[in-house]
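**Q** output the structure for:
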Amino acid sequence: MTITQTPSPNFDDRPDGVPVDMLVLHYTGMKTGEEALDRLCDEKAKVSAHYLVETDGKVFQLVDEEKRAWHAGVSSWRGHTDVNARSIGIEMVNPGHEWGYRTFPDAQIAQVIKLCQTILSRHPIPARNVVGHSDVAPARKEDPGELFPWEQLAAEGVGLWTADYSPLKDEDIEAMLHRFGYDTRDLGTSLMAFERHFHRRALHNRDMEKTQQRLCALLDLIDK
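**A** Take a look at the predicted model:
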């Protein structure tokens, strides 16, 4: 894989003793890739990511993986609130919901998969910790959104996915979402983030029983 080095000044040291055990995927939410790259490398913006993947599949590295990039903001996953400290962040060029959200091109997804696979080969990141920005910041973010092909990544060994439904457990949905990893202080947004990632049909035709059964199936995978 060819990676273009485009250093960003927006990073700092990871805390001692904190493992890199998360991979967070974003869309840029800007009109063009050039705009996004400029912003991620602008010291005044105070935002960055480790990698940026253009629509044609070109990959830029902005921050060394050993450093903490500033991509997740106020966020939480599985009780950890400094997501930046323990994660690799990948931005994918896409205008997002504000500027004309659209499907991710095949060339872009192919390179994202390859990039994720190389990252996973270097860091002990469990499948359940390959997440979207909306998963770790459900009250603030929607990306990479409902058009992102999580199932395609999982088929290539990147992330967790199932199309199955399991019988309901004696556990309410808030407790299950929390156990899966979500910050459930705002249950509505965490539920929507889950559906956006794992049960997209429910975004248009909400069926709480089916959503819970999908969540049960995912928890079954984790518990194996």
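**Q** against Asp56, how distant is Asp220?
**A** According to CB to CB, to the nearest Å, Asp220 and Asp56 sit 39 Å apart. The way it works is simple: take the backbone N, C-alpha and C, and place the C-beta from them, glycine included.
**Q** which one of the two has more residues nearby?
**A** The neighbour count for Asp220 versus Asp56, taken as other CB atoms under 10 Å, is higher for Asp220 (14 against 11).
**Q** name the helix or strand for the closest residue to that one other than its chain neighbours, please.
**A** In space, and not counting its chain neighbours, Asp220 is closest to Ser166: 5.3 Å by CB to CB, 6 or more residues apart in numbering. Secondary structure assignment for Ser166, by DSSP states H and E: no helix or strand.
**Q** how about Ser166, what does it touch?
**A** Contacts of Ser166 were listed using CB atoms under 8 Å, 6 or more residues apart in numbering, and they are Gln213, Cys216, Ala217, Leu219, Asp220.
**Q** neighbours of the first one, just the number please.
**A** Spelled out, it's Gln213. Gln213 has 17 nearby residues by other CB under 10 Å.
**Q** show me the contacts for it.
**A** Tyr165, Ser166, Pro167, Leu168.
**Q** which among those count as buried?
**A** Buried members of these, scored by 16 or more other CB atoms under 10 Å, are Tyr165, Ser166.
**Q** closest to Arg200 among the contacts of Gln213?
**A** Tyr165 (14.3 Å; CB to CB).
**Q** look up phi and psi at the residue nearest to Asp220.
**A** phi -110, psi 160 (degrees, to the nearest 10).
**Q** again with the one 10 residues further on
**A** Torsion angles at Met176 (phi, psi; degrees, to the nearest 10) stand at phi -70, psi -40.
**Q** cool, the one 5 residues further on as well?
**A** According to degrees, to the nearest 10, the main-chain angles of Gly181 amount to phi 150, psi -10.
**Q** go through stretch 70-89 and flag the buried ones.
**A** Buried-residue list, stretch 70-89, by 16+ other CB under 10 Å: 70-72, 75-78, 80, 83-89.
**Q** now do the end-to-end distance for that stretch.
**A** 8 Å (CA to CA, to the nearest Å).
**Q** what is the mean pLDDT for stretch 137-149?
**A** Mean pLDDT, computed over stretch 137-149, is 97.
**Q** gap between the two ends of it?
**A** Terminal-residue distance, stretch 137-149 (CA to CA): 19 Å.
**Q** same check, this time on stretch 74-81
**A** One end of stretch 74-81 to the other measures 7 Å (CA to CA).
**Q** what sits up against that stretch?
**A** In contact with stretch 74-81 (CB under 8 Å, 6+ apart) are residues 22, 83-84, 86, 129, 131, 133, 135-137, 140, 181-183.
**Q** now do it: distance to the chain's middle.
**A** Counting by CA atoms, centre = their mean, to the nearest Å, stretch 74-81 is centred 13 Å from the centre of its parent chain.
**Q** how about Gly73, secondary structure?
**A** Under DSSP: H, G, I helix; E, B strand; the rest coil, Gly73 falls in the coil class.
**Q** quick one: contacts for it?
**A** By CB under 8 Å, 6+ apart, the contact list for Gly73 reads Ala137, Arg140.
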